[in-house]
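# this one's structure only:
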């Protein structure tokens, strides 16, 4: 399944990317989810993020990083993810849309291995990532 959410931010895209740090990550934590950050290396290729989500271990590796004149993105791939998830790929993209304008894009691909279950958890995942829009605007503008 795919989730794609774009948030416009009135700021230079490089300045926005510079704020993708532990402070922002913790601000993005969904309020209804018990989430503890155990390790946060950063957003560059080779970095890792280790979490406890409702007592379950989650480990993501940053497997790709790209920077150009118009965008910066990094990819976090779930290496150890809690059930029912079996696949997690999250592309964090910051796209320049003007001199002091950009879009922060959460492009997520996930799977439980069961199409029915994928659709069943979609509304909860979509809601959690939609909540980021107001946080991005508050924290990044």
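Cool, the structure landed. Not measured: the values here are computed from a predicted model. Numbering: from 1, shown residues only.

# packing partners for the helix of greatest length in the chain?
Longest helix of the chain, by residue count under DSSP state H: helix 115-130. If contacts are counted by 3 or more Cβ pairs under 8 Å, 6 or more residues apart in numbering; DSSP states H and E, helix 115-130 sits against strand 2-9, strand 101-111. Heads up, the C-betas are built off the backbone N, CA and C, glycines and all.

# let's see it at 6 Å
Here helix 115-130 touches strand 2-9, going by 3 or more Cβ pairs under 6 Å, 6 or more residues apart in numbering; DSSP states H and E.

# on that earlier part again, for the next helix-or-strand element following the longest helix of the chain, buried residues please.
Following helix 115-130 in sequence order, the next helix or strand is helix 132-140 (DSSP states H and E). By neighbour count on 16 or more other Cβ atoms under 10 Å, the buried set for helix 132-140 is 132, 133, 136, 140.

# cool, stretch 106-119 as well?
106, 107, 108, 110, 112, 118.

# pull the residues that contact that stretch.
Applying Cβ atoms under 6 Å, 6 or more residues apart in numbering, the external contacts of stretch 106-119 come out as 1-5, 84-91, 129.
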